[in-house]
Every structure is written in structure tokens, then in C-alpha cells.
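*Asks:* Got a predicted structure here, sequence first:
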Amino acid sequence: MDWSLTIGNLNIGVLDIIALVIVLVGAISGCITGFARQVANLAGFILSIPAALLFTRPIAVLLSSNTGLSLFWASLFVFIALSLLVFIIVGIFGSALKNVLETVPALDHVLGFVWGLVASAICLSLIIAILNFQSFFDISRVTGSSVIVRNLIEPLFPTLVDAVKGA
């Protein structure tokens, strides 16, 4: 049984409906949260881990030699502390951006809507690509009839689609 919705000459399948709901929820969530807060949170996560990984070892060695802590506990403490420190610093910059955008709150919400839309669409595309790469079950029947995969993902990511089809 094929679950689909026909609008004009467009046959929208289950994957398309699920994808549209996910992207719409992401966009509405972005609109409610606001652009500044979303960017600050994402940047905090993206920057805190590499910064902590980069500086943990030298600081942990210094801390261990000066305090007598084992290198393991010093490394754990330094990693957590650096992650939190970078996340807080990025959060402060995010608050400054939010204060700037508060003068035009509609702009913050519109940009948040667009950010949420784009971010959820990218995540969804990556999930579909990963599902295409796996070999536990065949999803080509679902993706083959998908309007979104055929008209958006394939034209935007032709190299990825060729790699998936060649795998």
C-alpha cells in the first residue's frame, strides 16, 4: 500500500510529509527561540569542545605538577572547566548579539525562523544520506518516490547522491 497525497500533478509521499513536518517544527522553534540565542548555543557547542581538546593537555600537565593531582583527574577537571569557560564566553557574545537584535525583535524572530528552517533541512538531508549509505534495510523505494529527494536533495547535493547510488 502506497501512502501518498496528490496535489495537482505532485504526488507527495510519506517521506515528504515527515520531512515537511520536521522542517516546519525546526523553523517554528527557531522563530520562537530567536536567531541570536540559536547561533550562540550552536557556536558554544562547536567551539567549546575543540578548544578544550586543544588546551587540556598542557594545562593539565601544569596543574598536575603544581597540585599533585593525577594526570587523569587534572585532565578531566581542565577539560570540563575549559568547555564551560568557552561556552560561557560565547554565551556572553550571544547575549550581546541578542541585545543588538532586541532593538528589532521581528528581525531576530525572522532570522531565527530562517536559521531553524535551514538547519533542520540540512540535518534532515544528512539523515537521509546516512540512511541511504546503510545496508540494514533498503529505503530506495521511499526515497525514489520522494518529491523532496528528487527535486531538492539530488540537485543540491549531486556528488553525495552519486556517491550513494554508486555504493
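*Replies:* It's in.
*Asks:* Determine the set of other helices and strands touching the helix or strand harbouring Ser65.
*Replies:* Per DSSP states H and E, Ser65 falls inside helix 35-67. Packing partners of helix 35-67 (3 or more C-beta pairs under 8 Å, 6 or more residues apart in numbering; DSSP states H and E): helix 71-101, helix 105-133. C-betas here are computed from N, CA, C, even on glycine.
*Asks:* Redo those helices as a markdown table? Include distance to Asn41 and mean pLDDT.
*Replies:* A markdown table is the format used below for these (distance: least, C-beta to C-beta, whole Å; pLDDT from 0 to 100):
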| stretch | distance to Asn41 | mean pLDDT |
| --- | --- | --- |
| helix 71-101 | 7 | 90 |
| helix 105-133 | 11 | 86 |
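*Asks:* would CSV of the ones you listed with mean neighbour count and distance to Ser29 be doable?
*Replies:* As requested, the helices and strands packed on helix 35-67 are arranged in CSV below (neighbours: other C-beta atoms under 10 Å; distance: least, C-beta to C-beta, whole Å):
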stretch, mean neighbour count, distance to Ser29
helix 71-101, 16, 16
helix 105-133, 17, 5
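*Asks:* To Val21, which of those helices lies closest?
*Replies:* Val21 lies closest to helix 105-133 among the helices and strands packed on helix 35-67, at 10.2 Å (C-beta to C-beta).
*Asks:* hang on, the earlier thing: what angle do the helix holding Ser65 and helix 71-101 make?
*Replies:* 150 degrees (axes from the mean of the first three to the mean of the last three C-alpha atoms, to 10 degrees).
*Asks:* Where do the domain boundaries of the chain fall?
*Replies:* What automatic domain parsing lists as the domains of the chain is 36-103, 105-158.
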